[in-house]
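In: quick one, fold the following:
(2 chains)
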There are 2 protein chains.
Amino acid sequence: MNIYDIAEEAGVSIATVSRVLHNSDKVSKSTKEKVMAIIDRNDYRPNVFAQGLGSDSMHTIGILVPDIADQYMASAFSALEKLLVSYGYDCILGCSGYDAVEKEKHLKLLLEKRIDAIILVGSTYAGSEDETHNTDYILEAAGEKPIFIINGIIEGKNIYCTATYDEKAVYDVTSALVKKGRRKILFLTDSRSYAANHKKIGFEQALKEASLMPDPELIIHTQNNVHTVSDLLNERDLDFDAVIATDDGMAIGALKYALKKGLRVPEDLDIIGYNNSSICEVSAPELTSIDNKVEKVCSITIDRLIRVLNGETDVPSCEMIHCDLVHRETS
Amino acid sequence: MNIYDIAEEAGVSIATVSRVLHNSDKVSKSTKEKVMAIIDRNDYRPNVFAQGLGSDSMHTIGILVPDIADQYMASAFSALEKLLVSYGYDCILGCSGYDAVEKEKHLKLLLEKRIDAIILVGSTYAGSEDETHNTDYILEAAGEKPIFIINGIIEGKNIYCTATYDEKAVYDVTSALVKKGRRKILFLTDSRSYAANHKKIGFEQALKEASLMPDPELIIHTQNNVHTVSDLLNERDLDFDAVIATDDGMAIGALKYALKKGLRVPEDLDIIGYNNSSICEVSAPELTSIDNKVEKVCSITIDRLIRVLNGETDVPSCEMIHCDLVHRETS
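Out: Residues are numbered from 1 along each chain as shown, chains lettered A, B, ... in the order given. Coordinates of the predicted model:
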């Protein structure tokens, strides 16, 4: 018997069951009684210590992001905080930057706090192409507290990951562009993170399957900054008929370059971003973008965090969800 | 003798002095020795309890924002966190929303934590035009912990405010538009917050001084959302020759409307946003915007917070700084 069974029998969400267990005042008296009756009948006893009711718990979750001014991460924190507060948890938020040494230092600082679990937001924590990057410090941290990773996968005891099928999303988009007749697709990426690598693999795979060789000149590592990208494209004067970027900011940079050059978008050039952030609608024409479902990823993460803190032992360690392509005016 | 005097005598920043007092490893041995010598010679003794060295301190600051997905607030938190970490403080971040009841509830929740001070980010905490909105709960909270307000002014013991001269900034921009010959200036605002009110006062004042009557039809309260604003302007079909918006998102909405209508920007229409957020450069043409200096406001706030926690009693309760107009392509 786990929290899901109780939720199902009571006809309520697992969130509601957990709120009853935490004695939250957000649940009506009648629902509370119904859920408690099922709990009593089945003799369901969540681990009291793991529930955070032990003297060692401050009901606080440590959240680490590389950069809270990044829109994806701000949206993720916003969703996580809302859910955690509804369960009676506070959030300590740390901003680690992207540097490996700093990430490790910030994680260690968080571990010194009286927190119940740690959430790492962003695939930068889950490794990279770079051989020297290692994730041992995360495996170590998981020996002390449960670790939840958003947008990246690390295998290990007490580590729970939620990520999107980024490889498939980019594979599908690339295939569709090829099918449409695009042959020279520019791939812009700002990172060698776990997610960025998978996006690149999907891109190259789709080209190979269409018997197109990925052109190294058309795979560009740059910064996720509008002007950096438009300046860079201006300098290099490359020949391309479509753009896929691993973040919306770079796609907007390509769009600026194209409009200045007098190219028609999408007639001469398709442009597709990633994250479906609010700048897609700021842009003119509005940006087509791959939606990596930040709210859904966060809600899955918190569902599992609550189950882990409730002492359940059958919580899946990895969940993957699909992205959606949101068509706008640049494709 | 206060921390500023010590910093001046040592030829270092007050940040460095505070780091020495907190025994931070970010300060070189020689600097540490120089600062300590001056401290000893002058017999400067910061209040040990206030320094957060008492047993009651967890070296944690509570930060409350209405919405971390808002770019201004994310930038502010990012700046605050970086500074606080350098002083050895962690941040508990709460997201209260804009509703008065929720704001009060979230502040009370923060007060229950073992925190040393509270920072409220955003002028929504500092009152509004609405008579029923009161800030008594903030005055009450200041009885327990020092409160720092970013972007709004509340007078009271143990309350420290840092804000920008928003009224003057909008007054200046409006006057310049009038001088240029604009007569029908549309004012878009998404809030009745402290800052929004002052922006509106500045707008109306500049019109009055130019013997122009503010047209109630051209003062629009709406949402800070691109499509909401462009749809609304489409429906109303108003006659205007310039736009001042209290946030960049609304300005972009007006720009979208104008471009769709075939208006030339800035020839037929000047558009000026507020916050100088990163979407200004995403927009095409790029948006002129009033820069309200979020990083500077945060750094002033943390300077004073550290002084207050160091037990100094002569910390000014209110500091105001000037905004800058950042000219781009829409004016």
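In: so what touches the worst-scoring helix or strand of chain A on mean pLDDT?
Out: Averaged element by element with mean pLDDT, DSSP states H and E, chain A has its least confident helix or strand at helix A:14-21 (a mean of 76). Outside helix A:14-21, the residues within contact range by CB atoms under 8 Å, 6 or more residues apart in numbering or on different chains are A:3-4, A:6-7, A:10, A:26-27, A:31-32, A:35-36, A:39, A:46, A:51, A:83, A:86-87, A:303, A:306-307, A:310. The C-beta positions use only the backbone N, C-alpha and C, and glycine is treated the same way.
In: list phi and psi for the residue of the stretch 101-250 of chain A found nearest chain B.
Out: With CB to the nearest CB as the measure, residue A:226 is the residue of the stretch 101-250 of chain A nearest to chain B, at 5.0 Å. Backbone torsions of residue A:226, given as degrees, to the nearest 10, read phi -50, psi -50.
In: that one: neighbour count?
Out: With neighbours defined by other CB atoms under 10 Å in any protein chain shown, the count for residue A:226 comes to 28.
In: and it, how close does it get to residue B:12?
Out: 37 Å (CB to CB, to the nearest Å).
In: swap in residue A:148?
Out: In terms of CB to CB, residue A:148 sits 41 Å off from residue B:12.
In: pLDDT score for residue A:130?
Out: In this model, residue A:130 is scored at 61, pLDDT.
In: please apply the same query to the one 3 residues further on.
Out: You'll see residue A:133 listed with a pLDDT of 65.
In: residue A:162 touches residue A:150, doesn't it?
Out: Yes - between residue A:162 and residue A:150 a contact is recorded at 5.8 Å, counting by CB atoms under 8 Å.
In: shared neighbours, the two?
Out: When contacts are counted by CB under 8 Å, 6+ apart, residue A:162 and residue A:150 are jointly contacted by A:297, A:301.
In: and those two? which has more neighbours close in?
Out: The neighbour count for residue A:162 versus residue A:150, taken as other CB under 10 Å, is higher for residue A:150 (29 against 26).
In: nearest spatial neighbour of that one, chain-adjacent residues omitted?
Out: For residue A:150, ignoring the flanking residues on the chain, the nearest one in space by CB to CB, 6 or more residues apart in numbering or on different chains is residue A:121 at 4.7 Å.
In: roughly how far apart are that neighbour and residue A:95?
Out: Separation of residue A:121 from residue A:95 (CB to CB) stands at 10 Å.
In: again, but for residue A:175
Out: To residue A:95, residue A:175 is 37 Å away according to CB to CB.
In: repeat for residue A:318
Out: Counting by CB to CB, the gap from residue A:318 to residue A:95 is 26 Å.
In: of these two, give the one with the bigger neighbour count.
Out: residue A:95 (23 against 13).
In: so which bits of stretch A:230-242 are buried?
Out: A:230, A:232-233, A:240-242 (16 or more other CB atoms under 10 Å in any protein chain shown).
In: scratch that, stretch A:213-233
Out: Judged by neighbour count (16+ other CB under 10 Å), stretch A:213-233 contains these buried residues: A:214-215, A:218, A:220, A:222, A:224-226, A:229-230, A:232-233.
In: secondary structure and distance to residue A:290 added to those residues, as a markdown table?
Out: Listed next are the buried residues of stretch A:213-233 as a markdown table, based on DSSP: H, G, I helix; E, B strand; the rest coil; distance: CB to CB, whole Å:
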| residue | secondary structure | distance to residue A:290 |
| --- | --- | --- |
| A:214 | coil | 19 |
| A:215 | coil | 22 |
| A:218 | helix | 19 |
| A:220 | strand | 18 |
| A:222 | coil | 18 |
| A:224 | coil | 15 |
| A:225 | coil | 19 |
| A:226 | helix | 18 |
| A:229 | helix | 17 |
| A:230 | helix | 21 |
| A:232 | helix | 22 |
| A:233 | helix | 21 |
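In: turn those residues into JSON lines, columns for pLDDT.
Out: Output for the buried residues of stretch A:213-233, formatted as JSON lines (pLDDT from 0 to 100):
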{"residue": "A:214", "pLDDT": "91"}
{"residue": "A:215", "pLDDT": "95"}
{"residue": "A:218", "pLDDT": "97"}
{"residue": "A:220", "pLDDT": "97"}
{"residue": "A:222", "pLDDT": "96"}
{"residue": "A:224", "pLDDT": "92"}
{"residue": "A:225", "pLDDT": "92"}
{"residue": "A:226", "pLDDT": "95"}
{"residue": "A:229", "pLDDT": "97"}
{"residue": "A:230", "pLDDT": "96"}
{"residue": "A:232", "pLDDT": "97"}
{"residue": "A:233", "pLDDT": "97"}
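In: need the residues of chain A near chain B, please.
Out: Residues of chain A lying near chain B by CB under 8 Å from any CB of the partner chain: A:58, A:60, A:67-69, A:71, A:74-75, A:77-78, A:81-82, A:85, A:90-95, A:109, A:113, A:226-227, A:249, A:252, A:255-256, A:259, A:278-279, A:281-284.
In: show the buried residues in those.
Out: For those, buried by 16+ other CB under 10 Å: A:58, A:60, A:67-69, A:71, A:74-75, A:77-78, A:81-82, A:85, A:90-95, A:109, A:113, A:226, A:249, A:252, A:255-256, A:259, A:278-279, A:281-284.
In: quick check: strands, which of those residues are part of them?
Out: Among those, the members found in strands (DSSP state E) are A:60, A:90-95.
In: so which residues of the stretch 201-331 of chain A form strands?
Out: A:219-221, A:242-245, A:270-274, A:288-291, A:318-321, A:324-326 (DSSP state E, counting those that start in this stretch).
In: roughly how far does residue A:90 sit from residue B:172?
Out: Relative to residue B:172, and taking CB to CB, residue A:90 is found at 42 Å.
In: for the stretch 51-200 of chain A, what spans make up the strands?
Out: A:60-65, A:90-95, A:117-121, A:147-150, A:159-164, A:185-189.
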